[in-house]
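J.: show me how the following folds:
(one chain, ligands or ions: 1)
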Amino acid sequence: ALGFAPAQAQGTYPTRTITVVVPFAAGGPTDTVARLVAESMSRDLGQTVVVENVGGAGGTLGAARVAQARPDGQTLLLHHIGMATAPTLYRRLSYDAVGAFAPIGLVTEVPMTVIARKDLPAKDLKELAALIRKETTGINYANAGIGAASHLCGLLLQKAVDAPMTTVPYRGTGPAMTDLISGTVDVMCDQTTNTTEQIRAGAVKVFAVTTPERLPSMPDVPTAAEAGLPGMEVTIWHGLYAPKGTDAAILERLSKALQTALRDPKVSQRFADLGTTPVAQERATPAAHASFWQADIAKWKPVIEAAGQYAD
Ligand code: MLT
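T.: You can find the predicted model right below:
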């Protein structure tokens, strides 16, 4: 009997380290969500789960990496609303933006905040709007590339203000935040996961949240509508994906681990502190996320087509 391990134990997924690709730079909102969830999932899966940042092109470079990976459950993608906008925004991708992936589950919903470098001469959202209008193309807007959450929110802001801003693209809003704090760029709209602590520390100035109601995590900050710019409502979500062709049993196993992570008090407390909500576990399944994702693609399609700006 020497050298015989039970066949089942040998073949039971996962037997090796799993890589979760984050399609944005380290230190940003997607990275924060991924690292919290990956750490918790690794306990449930009994395997190391590492996060790899593959930033650039609004998340499409990292997504391409996973689209081309072997569908063996070893390489996953944690991406956001960009999964629903890229199919319409990007007309020349190296991969099939929908067909290349098998959803595992929805992860979070995250509000956004309109922020600026702390010495920008505007004390509220109306003054910011006036400044942008006055200095057309003089005010810089940081984003994480076309299709990034910060890009979508920037479109809403420019539409609400009815004036353009000069866009400064980054590989993620983690590095963009560093430049906003140092004053190299002027304005950004970013997820609370990345902005809450900087707002509390006074490192950046906050003008509004992009939700219909104020947030419990920053109750003094008005909604954009309250602050005088209606039409700026947007909530970002994150989802977990495997390459298409991954075995259904592996997807189910990962979905179960994701659900366990979403119930993990360490994860939910940290998320709550950052204004981020882990989704109810019934939404963290392959089937639920497949239909949510399809619906969100359909929701954003006319919005993007109306804007008429595409990435090539
Ligand atoms: C990031 O993780 O850097 C962000 O999610 C970028 C964005 O979409 O704005």
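
J.: going forward, measure contacts between C-alpha atoms and count neighbours the same way
T.: Will do.

J.: ok, residue 23 touching residue 64?
T.: No - taking contacts as C-alpha atoms under 8 Å, residue 23 lies outside contact range of residue 64: 9.2 Å.

J.: what's the closest non-adjacent residue to residue 64?
T.: Excluding its sequence neighbours, the residue lying closest to residue 64 (C-alpha to C-alpha, 6 or more residues apart in numbering) is residue 95, at 6.0 Å.

J.: my read is that residue 32 contacts residue 193, right?
T.: Yes - at 7.2 Å, residue 32 counts as touching residue 193 under the criterion of C-alpha under 8 Å.

J.: returning to that earlier point: tell me the contacts of the residue nearest to residue 64?
T.: Shown in contact with residue 95 (C-alpha atoms under 8 Å, 6 or more residues apart in numbering): 64, 67-68.

J.: distance check, it against residue 69.
T.: Counting by C-alpha to C-alpha, to the nearest Å, the separation of residue 95 from residue 69 is 11 Å.

J.: repeat that for residue 164.
T.: For residue 164, the distance to residue 69 - C-alpha to C-alpha - is 39 Å.

J.: those two: which has the busier surroundings?
T.: Each of residue 164 and residue 69 had its neighbours counted (other C-alpha atoms under 10 Å), and the higher figure belongs to residue 164 (20 against 17).

J.: isn't the more buried one up against residue 134?
T.: No - in this structure, residue 164 is not within contact of residue 134 by C-alpha under 8 Å, at 10.6 Å.

J.: correct me, but residue 118 touches residue 203?
T.: Yes - Residue 118 lies in contact with residue 203 (C-alpha under 8 Å); the separation is 6.4 Å.

J.: which neighbours do those two share?
T.: In terms of C-alpha under 8 Å, 6+ apart, residue 118 and residue 203 are both contacted by the residues residue 181.

J.: which SS class is residue 199?
T.: Under DSSP: H, G, I helix; E, B strand; the rest coil, residue 199 falls in the helix class.

J.: what about it, neighbour count?
T.: A total of 18 residues lie near residue 199 under the criterion other C-alpha under 10 Å.

J.: what's the distance between it and the ligand?
T.: 17 Å (C-alpha to the nearest ligand atom, to the nearest Å).

J.: going forward, count from 42.
T.: Right, with 42 as the first residue, what we last looked at is residue 240.

J.: lovely, talk soon.
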